[in-house]
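[1] Sequence first, predicted coordinates after that:
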Amino acid sequence: MKLFIDTNVLLDVIAKRVQFFPDSSAVWSLAESGQVTGLIASVSVTNIYYIVRKLSDHRTAMKAMVELRGIFTFAACDSQVMSQAIDARMPDFEDAVQYFSALHAGADVLVTRNPKHFPRSAVPVVTPTEYLATHPQP
């Protein structure tokens, strides 16, 4: 199964956001163990670098980049994805980029903490908690 993981879920794990960490970490672990293919938007990498560097430093941010590269497959943010995101008129442009990256990468599910920010489509959008509840792991 291909899970497209939104930036906020990744940051829950990297920044150890207590309230969201358990379920976001469990989804991350599924990708890390190879039980699912974890897809992330290539723009998530730069966004995460920026946030982690602000919270900590360059070295810590680069460690996170290496970890992301080792676990996840980067989904392209090409001109088609960006054009569709621009034309989508979604309230949050970053969510539009995430959504169309997931669509073009052939994701089976988009995992985010903000499912209401995404349109209904062929790609189901669920929270980490919802995903784990409907896809129990051994």
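    Received, thanks. Numbering: from 1, shown residues only.
[2] rest of the way, CA atoms for contacts and neighbours
    Fine.
[3] Who are the contact partners of A96?
    Applying CA atoms under 8 Å, 6 or more residues apart in numbering, we find A96 in contact with Q84, A85, I86, A88, M90, F118.
[4] got it, and D23?
    P128, T129, L132.
[5] Please name the spatially closest residue to the second one (chain neighbours excluded).
    This points to T129. Leaving aside its sequence neighbours, T129 sits nearest to D23 (CA to CA, 6 or more residues apart in numbering; 5.7 Å).
[6] For the chain, which segments count as strands?
    2-5, 37-41, 73-75, 109-111, 125-126 (DSSP state E).
[7] do you know which of those strands lies nearest V13?
    strand 2-5 (11.7 Å; CA to CA).
[8] what sits against A26?
    Contacts of A26 by CA under 8 Å, 6+ apart are L132.
[9] now do 6 Å
    Contacts for A26 (CA atoms under 6 Å, 6 or more residues apart in numbering) come out as none.
[10] State the distance from it to S33.
    10 Å (CA to CA, to the nearest Å).
[11] rewinding a little: among the contacts of A96, which are located in helices?
    If you go by DSSP state H, the contacts of A96 have Q84, A85, I86 in helices.
[12] Now neighbour count too, for those, in CSV please.
    As requested, the ones in helices among the contacts of A96 are exported to CSV (neighbours: other CA atoms under 10 Å):
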residue, neighbour count
Q84, 15
A85, 21
I86, 14
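[13] between these, which is closest to R59?
    Once CA to CA is applied, the member of these that ends up nearest R59 is A85, at 31.9 Å.
[14] Give me the below-cutoff pLDDT ranges for this structure.
    Counting by pLDDT under 70, the ranges of the chain that qualify are 136-138.
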